[in-house]
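[1] Below is the structure, and that's it, no one-letter string:
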């Protein structure tokens, strides 16, 4: 009788433990997946501390310091890249975002920039600056607009929305950005980036023109 | 001894059943949540069957029929609205999307449209058509652009991305749209829509000007 009791209680304990472990695992998984939304215009504040966390910046600029804004959060998500950053951007003229990309490049992060041919040449565009720094840039060669505004950080975090990477979009317009790690949302963008990147390989494009 | 055995086995059975139920519930919940991505330009195809499923349309237009495209999927998501549709759109000139919104309005779906003041007045804009049909439209009264391109269906499905509701965006540009039911993504947009809707209440706006 004691053996039956002990075995039965053991099975109950094991079953309940499994249930608890399963619950904790599900909970941790859903907590781990980032799903955030940022709205703009962002409050105008100093972002120097994001680029150089150890330096005192109160004297560097006259903007408010230590303020957590939509833009500072966006910068932090971009700067969180450890291995790769894929950018697919209609317009890129924001100098702080350009500085963030250059900083990642200097850290050895692999960066690929795909942008719209027409908007890459407008006044204030940062595309030339990125190219000069040795970052791999491809311009969309089709007759239409490459109107995407998305970034993929380390192949697993998607940053996308209505926001072009310009100062007007960040500081003036009403805009939105989603930051997500949901595989069902991230993977199609990873795949689409690879498709467009291959499609706009200038070597391939030039050879198809001469065929 | 038999009582102990029966009680113990009963507890084991109950515990395992609870575990199974919990697993099934978690599985069903994650399957139920929509997370889709659509890329554009969309293949050009007839969408008549989406508006009038029972009619034969092969003779109505010369476009390919019965083709599942990004645009036809977008239309279906919009037309799935049962109770409400909140639109926050920079530019709205696509006639098929306008037709979908008018159809929902005729079905009694509560529609609110918030749009950019400048772009609501450009040639081809559908904003006037919606207003004439009795749909509640508010224009952003600020000096900057209301650059959002999102829709919230029945308060629980978010449709957002780079795509303006224009023919060029749908048929020519490279664009993206996310359709999601993730509460962490949907709820901030629901809240932001309410905030902007209140902010652009023309009655409130006019009274603040005369204060």
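    It's in. These figures come from a predicted structure and were not determined experimentally. Residues are numbered from 1 along each chain as shown, chains lettered A, B, ... in the order given.
[2] What residues sit buried inside the longest helix along chain A?
    Scanning chain A for the helix with the most residues, using DSSP state H, yields helix A:2-32. By 16 or more other C-beta atoms under 10 Å in any protein chain shown, the buried positions in helix A:2-32 come out as A:8, A:11-12, A:15-16, A:19. Bear in mind the C-beta positions are built from the backbone N, C-alpha and C, glycine included.
[3] could you say what helices and strands it packs with?
    The helices and strands touching helix A:2-32, judged by 3 or more C-beta pairs under 8 Å, 6 or more residues apart in numbering or on different chains; DSSP states H and E, are helix B:2-32.
[4] quick check: mean pLDDT across the helix it packs on?
    Throughout helix B:2-32, pLDDT has a mean value of 73.
[5] angle of the helix or strand that comes right after that helix against strand A:35-40?
    In the C-terminal direction, the helix or strand that comes right after helix B:2-32 (DSSP states H and E) is strand B:35-40. On the basis of axes from the mean of the first three to the mean of the last three C-alpha atoms, to 10 degrees, strand B:35-40 is oriented at 50 degrees to strand A:35-40.
[6] Tell me which residues of whatever helix or strand comes next after strand B:35-40 come out buried.
    Toward the C-terminus, strand B:35-40 is succeeded by helix B:48-51 as the next helix or strand (DSSP H and E). Neighbour-count burial for helix B:48-51 flags B:48-50 (criterion: 16+ other C-beta under 10 Å).
[7] and the helix or strand that helix B:48-51 is followed by, how far out from the chain's middle?
    Next along the chain after helix B:48-51, taking DSSP H and E as the criterion, comes helix B:70-79. Averaging C-alpha positions (C-alpha atoms, centre = their mean, to the nearest Å) puts helix B:70-79 9 Å from its chain's average.
[8] contact partners of helix B:70-79?
    Contacts to helix B:70-79, defined as C-beta atoms under 8 Å, 6 or more residues apart in numbering or on different chains, come from residues B:36, B:38-40, B:42-43, B:45, B:47, B:50, B:85, B:96-97, B:100-101, B:103-104, B:151, B:153, B:157, B:159, B:170-171, B:177, B:179.
[9] what angle sits between the helix or strand just after that helix and helix B:70-79?
    Counting by DSSP H and E, the next helix or strand C-terminal to helix B:70-79 is strand B:84-89. Interaxial angle, strand B:84-89 versus helix B:70-79 (the same axes, to 10 degrees): 130 degrees.
[10] Closest one of the buried residues of helix B:48-51 to chain A?
    residue B:50 (22.6 Å; C-beta to the nearest C-beta).
[11] so who does the closest one touch?
    When contacts are counted by C-beta under 8 Å, 6+ apart, residue B:50 touches B:72, B:75-76, B:79.
[12] got it, and residue A:166?
    Counting by C-beta under 8 Å, 6+ apart, the residues that residue A:166 touches are A:91-94.
[13] Restrict the contacts of residue B:50 to the buried ones and give me that as a PyMOL selection.
    Remark: buried members of these, expressed as a PyMOL selection using 16+ other C-beta under 10 Å:
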select buried, chain B and resi 72+75+79
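[14] Look through every helix and strand of chain A and give the one with the lowest mean pLDDT.
    Sorted by mean pLDDT, DSSP states H and E, the helices and strands of chain A end with helix A:202-210, the least confident at a mean of 57.
[15] Spell out which residues sit in contact with the residue in chain A that chain B sits nearest to, please.
    Of all residues in chain A, residue A:8 sits closest to chain B, at 3.1 Å by C-beta to the nearest C-beta. When contacts are counted by C-beta under 8 Å, 6+ apart, residue A:8 touches B:4-5, B:8-9, B:11-12.
[16] Output these as TSV; include the columns distance to residue B:131.
    TSV is the format used below for the contacts of residue A:8 (distance: C-beta to C-beta, whole Å):
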residue	distance to residue B:131
B:4	76
B:5	75
B:8	71
B:9	69
B:11	65
B:12	66
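[17] which pair in the residues you listed spans the largest distance?
    B:4 and B:12 (12.5 Å; C-beta to C-beta).
[18] Low-confidence regions, chain A specifically.
    Counting by pLDDT under 70, chain A has low-confidence residues at A:1, A:4, A:26-31, A:55-60, A:203-211.
[19] any idea of the angle the longest helix of chain A forms with helix B:2-32?
    Put simply, helix A:2-32 runs at 20 degrees to helix B:2-32, going by the same axes, to 10 degrees.
[20] quick revisit: which among the contacts of residue A:8 gets closest to residue A:128?
    residue B:12 (69.9 Å).
[21] Once you drop chain neighbours, what's closest to that closest one?
    residue A:11 (5.0 Å; C-beta to C-beta, 6 or more residues apart in numbering or on different chains).
[22] Then residue A:161?
    residue A:177 (3.8 Å).
[23] I'd guessed that neighbour sits against residue A:40; true?
    Yes. With contact defined as C-beta atoms under 8 Å, residue A:177 reaches residue A:40; the gap is 7.4 Å.
[24] wait, isn't residue A:35 in contact with residue B:185?
    Yes. Using C-beta under 8 Å, residue A:35 makes contact with residue B:185 at a distance of 5.3 Å.
[25] Mutual contacts of these two, please.
    Counting by C-beta under 8 Å, 6+ apart, the contacts common to residue A:35 and residue B:185 are A:178, A:180.
[26] Pull the contacting residues for residue A:67.
    With contact set as C-beta under 8 Å, 6+ apart, residue A:67 has these partners: A:43, A:45-46.
[27] and with 10 Å instead?
    By C-beta atoms under 10 Å, 6 or more residues apart in numbering or on different chains, the residues touching residue A:67 are A:42-47, A:49.
[28] How many neighbouring residues does residue A:147 have?
    26 (other C-beta atoms under 10 Å in any protein chain shown).
[29] Tell me if I'm right that it and residue A:160 touch.
    No. Contact criterion C-beta atoms under 10 Å: residue A:147 and residue A:160 do not qualify, at 11.9 Å.
[30] any common contacting residues for those two?
    Common contacts of residue A:147 and residue A:160 (C-beta under 10 Å, 6+ apart): A:88, B:161-162, B:176.
[31] Write the ChimeraX selection for whichever of those residues are buried.
    ChimeraX command restricting the shared contacts of residue A:147 and residue A:160 to the buried ones, with burial defined by 16+ other C-beta under 10 Å:
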select /A:88 /B:161,162,176
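[32] Kind regards, and thank you for your time.
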